[in-house]
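Visitor: Requesting a structural model of the entry that follows:
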Amino acid sequence: MFADIGYAIAALGYFALLLLLFTGRKSGIAKYLLVTATLITCLWAASNVSLLGWQTHISHFFAADAIRQWVWVLFLAACLRSDFSSFKEIILRPISLSLLVLPSIAIITAFTSTLPYLWQYSLHTLIALQMLIVLELVYRQAGELKWAYKPLILFLGALSLWDFVTYANATMINQIGENYVSARGYIYVALLPFLILAIRRISYWGVAIFVSRDVVLHSTLLLVAGGYLFLMAMVGYLVKFMGGSWSYPLQFVLVGVSLILLVSLFISHNFRTKIKVFITKHFYANQFDYRVEWVKLTDILSEQQDSLTGVYQTSLSGMLQAVEYESGVLLKLNKNGWQQVAAIDGGRSRQYDASKMTLLQSFFDQKGWIIDISELRVKPHQYDELSDKSYFMESFDYQLVVPIFRHETLWGMALLDAESEHIKSLNWELRDYINAVTAQVSNYIFQFEGAQALAENAQFAAFSRMSAFVLHDLKNVMAQIDLILANAQQHKSNPEFIDDTFETLEHTKSRMDKMLKQLTEKKTSPSHGQLQTDLAQLLNSVVEKRCQGVQPIPAVSCESELLVQIDAEKFANVMYHLINNAQQATKNDGYVLIDAGRVSANGQDNIVVTIKDNGEGMSADFIETRLFKPFDTTKGNAGMGIGAYDAKSYIEQIGGVIAVDSELGQGTTFTLSIPVTE
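Guide: Residues are numbered from 1 along each chain as shown. As a prediction, the model looks like this:
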């Protein structure tokens, strides 16, 4: 009697709703199906009133439930689009046919009694689970219509969930639970206001369904939950089949535990997030074609840039194109704070408060995460380390804030944004993708900055090197002037000395002019200053005029007319340096021997000059690692460390070779081989 009252009230309630629907002015396929579904629900409730005697066998119970479910599934299929023009178009749509398969099988098997009761229970369990999945898809993709569709989802979802529990329990104990059946009429009455509210809210029907990651995630969760409940039902059946029994308290405990698991899948954020990442990583296609995107990014970064400004602008452009955004700002952290080094405006002016960027700096120092402002506004608790969230939640115009690190130190950050319809949700894949793009872009920036710093250092090094060579030449000039002054008192009355002095001063002026010319002219011809020169005469001149002030005096032994195309002054300086070094490394009673002659080998004529002494000598390690290294000297402040380097560089420049043979305590021999060219 208690159950009959509930079903009778439900039948009257849905009959009243049916009358209201007939008085409404709205029309369309969805309305006609809603009228049909309401009518069938009214008749279904009346058929469960035992006093009417409409259900005389359990197959009638199955048939009534199957017809009701079939109509509501068809109505829900009609809600998936708003442009249906006929019932035929709705039914023949592939998604509708797939949804109606299970209810149709249930109707046929109910009238033909071809399935055992256990399979009937299982079939209706699957129909209820299917309805829950479809309702979840509709709600997830309703977008701005969620508010309107929510009452309808609650109405059908609650009814389907109750059907699911009823038939899952029946599968466990292999019979319909009387308490579940008795309560259904009252449940349908209690949920009727939700259906009425949905009818008032929904101005038009139609929600486009498409496959997305969220769809896969939530549908999978429902399938997992349903599979678990279905497994519990099968376990119950096995217990029943083996001769055991299920008490009602135990049934309610198992169903309650199952429902708690189902709810936990939707309430636990961390649990859902872990499952979502696992499913997306292993069972779903990537959002980006990384090969194509990487080629595009590489093409952008390969553009030739001549300044840091261009590099920063190209880097920002590459980041924006990678995520398909159109506006952004690149900020660099300097000692004085944040400096905007690049900006791209996609059309809408976007603003940021530079003074607030220090808050982001503190957050990045602690976390180093990409900040999604959209997520911050919805889930501020995930950004507890960010102080003064109100500015970024209310006034900040950019969606993504991407930190750029250099050796774990914050270098800068990029602010990225797009029009609302193009904004992407920062899921795990987009986060990893942006991190990879940022690493590539940052390497591009750092390499250019490093190259520019290296170029500047090279310029300073070149300047220092040039200064050292100038000082080295000045040192040689000063040696000549010192020699004049040292002999002036003794020979100032000697006309030959005076003539030699003027000749030396003229030569000194010529050398100074040449140095100044080299300093002021950026480009010089490789053959500039190279004339046919007699090496024998040049060597004798160097020894006689520049090497007489240091003991031992070198002895020269040369063939006559050793003609070669060289810069006589430069070669004279090289020979003076090598001879002077030999003199300084040799005791006064030692010797320095200079020999020059023509040698022919392999069809090539060479002039070979040797400078041999019996001085201190050098170790093999010193010759290999230090002798020709610029700015490395053993003379302390008295030497520049470039004489040997300059000699080697010049001899190799004219195509010659310089070799060294030395042993500690035994002396040293320098051998210069210079090719003879016509």
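
Visitor: The stretch 501-650 of the chain: strands as residue ranges?
Guide: Along the stretch 501-650 of the chain, the segments classed as strands by DSSP state E, counting those that start in this stretch run 530-534, 555-558, 563-567, 592-601, 604-613.

Visitor: mind listing what the last one pairs with, with the direction of each?
Guide: Going back to what we said before, that points to strand 604-613. Each strand paired with strand 604-613, and its direction, by DSSP bridges: strand 592-601 (antiparallel), strand 667-675 (antiparallel).

Visitor: quick revisit: any idea which of the strands of the stretch 501-650 of the chain gets closest to I623?
Guide: Checking the strands of the stretch 501-650 of the chain against I623 by Cβ to Cβ gives strand 604-613 as the closest, at 14.7 Å. (Each C-beta comes from the backbone N, C-alpha and C, glycine too.)

Visitor: which residues touch stretch 9-24?
Guide: Contact partners of stretch 9-24, identified using Cβ atoms under 8 Å, 6 or more residues apart in numbering, comprise 31, 34-35, 38-39, 41-43, 45-46, 49, 185-186, 188-189, 192, 195-196, 199.

Visitor: Now do that stretch, average pLDDT.
Guide: Taken as a whole, stretch 9-24 carries a mean pLDDT of 84.

Visitor: from here on, count from 395
Guide: Right, with 395 as the first residue, what we last looked at is stretch 403-418.

Visitor: would you list the strands paired with strand 998-1007 in CSV and tack on mean pLDDT and distance to L553?
Guide: Shown next, in CSV, are the strands paired with strand 998-1007 (pLDDT from 0 to 100; distance: least, Cβ to Cβ, whole Å):
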stretch, mean pLDDT, distance to L553
strand 986-995, 91, 106
strand 1061-1069, 93, 103
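
Visitor: Make a markdown table from those and add mean neighbour count and distance to N967 to it.
Guide: Shown next, in a markdown table, are those (neighbours: other Cβ atoms under 10 Å; distance: least, Cβ to Cβ, whole Å):
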| stretch | mean neighbour count | distance to N967 |
| --- | --- | --- |
| strand 986-995 | 17 | 15 |
| strand 1061-1069 | 20 | 14 |
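
Visitor: Save the ones you listed as TSV, and put in distance to R771 too.
Guide: Formatted as TSV, the strands paired with strand 998-1007 follow (distance: least, Cβ to Cβ, whole Å):
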stretch	distance to R771
strand 986-995	84
strand 1061-1069	78
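
Visitor: picking that back up, make a ChimeraX selection of the buried ones in the contacts of stretch 403-418.
Guide: A single ChimeraX command is used to select the members of the contacts of stretch 403-418 judged buried by 16 or more other Cβ atoms under 10 Å:
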select :425,428,429,432,433,435,436,437,439,440,443,579,580,582,583,586,589,593
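
Visitor: Who is I988 paired with across the strands?
Guide: Listed beta-bridge partners, I988: V950, I1005 (assigned using DSSP bridges).

Visitor: who's in contact with it?
Guide: Shown in contact with I988 (Cβ under 8 Å, 6+ apart): L933, V937, P948, A949, V950, S951, C952, I973, V1003, T1004, I1005, K1006.

Visitor: go on, C941?
Guide: C941 sits next to I947, P948, Y970, I973, N974, Q977 when contact means Cβ under 8 Å, 6+ apart.

Visitor: And F588, by the same measure?
Guide: F588 neighbours (Cβ under 8 Å, 6+ apart): P545, L546, L548, F549, A552.

Visitor: out of those residues, who has the most neighbours?
Guide: When neighbours are counted by other Cβ atoms under 10 Å, L546 leads these with 25 neighbours.

Visitor: Now it: which helix or strand?
Guide: For L546, the host element (DSSP states H and E) is helix 540-567.

Visitor: cool, and G806?
Guide: Counting by DSSP H and E, the element that carries G806 is strand 803-811.

Visitor: what does Q734 give?
Guide: Element membership for Q734 (DSSP H and E) is strand 731-738.

Visitor: Quickly run through the sheet partners of that strand, with directions.
Guide: Strand 731-738 has these strand partners (DSSP bridges): strand 721-728 (antiparallel).

Visitor: For the partner strand, buried residues please.
Guide: Under the neighbour-count criterion of 16+ other Cβ under 10 Å, strand 721-728 has S721, G722, V723, L724, L725, K726, L727 buried.

Visitor: Among those, which one sits closest to S696?
Guide: Among those, and counting by Cβ to Cβ, the member closest to S696 is L724, at 18.8 Å.

Visitor: which residues does that closest one contact?
Guide: Applying Cβ under 8 Å, 6+ apart, we find L724 in contact with Y706, S709, L710, Q734, V735, A736, A737, G806, M807, A808.

Visitor: E813 now?
Guide: Contacts for E813 (Cβ under 8 Å, 6+ apart) come out as E720, G740, R742.

Visitor: Just the buried ones out of these, please.
Guide: The buried subset of the contacts of E813 (16+ other Cβ under 10 Å) comprises E720.

Visitor: Counting only helices, which of the contacts of E813 make the cut?
Guide: Per DSSP state H, helices hold no members of the contacts of E813.

Visitor: Check the gap between the spatially closest residue to D999 that is not a sequence neighbour and E955 for me.
Guide: Leaving aside its chain neighbours, D999 sits nearest to V1070 (4.2 Å; criterion: Cβ to Cβ, 6 or more residues apart in numbering). According to Cβ to Cβ, to the nearest Å, V1070 stands 12 Å off from E955.

Visitor: Compare the two (neighbour count), which wins?
Guide: For V1070 versus E955, neighbours defined as other Cβ under 10 Å are more numerous around V1070 (15 against 10).

Visitor: Dihedrals phi and psi, the more buried one?
Guide: Per-residue torsions, V1070: phi -100, psi 120 (degrees, to the nearest 10).

Visitor: and what of F1022?
Guide: Note on F1022: backbone dihedrals following degrees, to the nearest 10 are phi -100, psi 20.
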